[in-house]
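[1] What follows is a protein structure lacking sequence information:
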């Protein structure tokens, strides 16, 4: 069974009620859930939330909300893995046996249906692949970054100090949008989610944490939709 968990707590602080905020006129979690459900990549799409309004919105969008997330996992310190493991425990106790488990953030508007399908297919096609993680490519020059220690500069990665820019390897950052992997990797708390993972490179991604991020994401999303219609 393929399971997708969408973690959506009610107490976001930098953007209050972020998961229910309209994104180009539609609540952002409803927009994301539509993508998740229409992809057809998962047998169940479950929203983990502590908030009744979010739960109602999720159910109206067609997702399941079979349990309430405890307050201890709805603060700023709860990790993605803890939230997913709690969801798995709840579903295991109800008889579910998911083998492929994904986690999609409710504001991940740049994750499209094809990304979800590609991630699931990659995991199912390769028994040795534990996880697929969405990433964004960074400028290679970040390998020339410097640190400030006791008011003095030093290279963060001195091994690249003499490497020509065009010879520097590609550099990627976890985009913090989508994780899809085997249930066993989620349960293996001794291993990082990204260790040995395959990358799913997103060409467009904005991590939405501020009002400015929100505006830029709406502008980019609207521009992408406009380009798609031409």
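    Structure's in. What do you need? These figures come from a predicted structure and were not determined experimentally.

[2] Let me know the pLDDT of residue 13.
    Residue 13 is assigned 83 on the pLDDT scale.

[3] now it, nearest residue through space, not along the chain?
    residue 76 (7.2 Å; C-beta to C-beta, 6 or more residues apart in numbering). Where C-beta positions appear, they are placed from N, C-alpha and C, glycine not excepted.

[4] okay, now the one you found: neighbour count?
    Counted by other C-beta atoms under 10 Å, the residues lying close to residue 76 total 8.

[5] Tell me the secondary structure of it, please.
    Following DSSP: H, G, I helix; E, B strand; the rest coil, residue 76 is assigned to coil.

[6] wait, doesn't it sit right on residue 14?
    No - Residue 76 is beyond contact range of residue 14, at 10.0 Å (criterion: C-beta atoms under 8 Å).

[7] Show the backbone phi and psi for the closest residue to residue 61 other than its chain neighbours.
    Leaving aside its sequence neighbours, residue 61 sits nearest to residue 33 (C-beta to C-beta, 6+ apart; 4.2 Å). Taking degrees, to the nearest 10, you get phi -70, psi -40 for the backbone angles of residue 33.

[8] Quick one: residues contacting residue 33.
    By C-beta atoms under 8 Å, 6 or more residues apart in numbering, residue 33 lies in contact with 6, 45, 47, 58, 61, 62, 63, 106.

[9] one more time with 7 Å
    6, 45, 58, 61, 62, 63 (C-beta atoms under 7 Å, 6 or more residues apart in numbering).

[10] Backbone torsions only: list them for residue 15.
    Dihedral angles (degrees, to the nearest 10) for residue 15: phi -130, psi 100.

[11] Report the central residue of the protein.
    residue 177 (2.2 Å; C-alpha atoms, centre = their mean).

[12] Give the residues shared as contacts by residue 76 and residue 14.
    Counting by C-beta under 7 Å, 6+ apart, nothing touches both residue 76 and residue 14.

[13] Sketch out the helices for the chain, chain order is fine.
    With DSSP state H, the ranges of helices along the chain come out as 28-39, 52-61, 80-92, 113-125, 183-187, 211-229.

[14] right, so the ones you listed: which one is the most enclosed?
    Highest mean neighbour count of the helices of the chain: helix 28-39, a mean of 20 (counted as mean count of other C-beta atoms under 10 Å).

[15] Show me what the mean pLDDT comes to for that helix.
    98.

[16] ditto for stretch 77-85
    Stretch 77-85 shows a mean pLDDT of 96.

[17] So which residues make contact with that stretch?
    Contacts with stretch 77-85, where a contact means C-beta under 7 Å, 6+ apart, come from 5, 7, 48, 69, 73, 101, 103, 186, 187, 189, 193.

[18] make it 8 Å
    Residues outside stretch 77-85 that contact it (C-beta under 8 Å, 6+ apart) are 5, 7, 9, 48, 69, 72-73, 101, 103, 179, 186-187, 189, 193.
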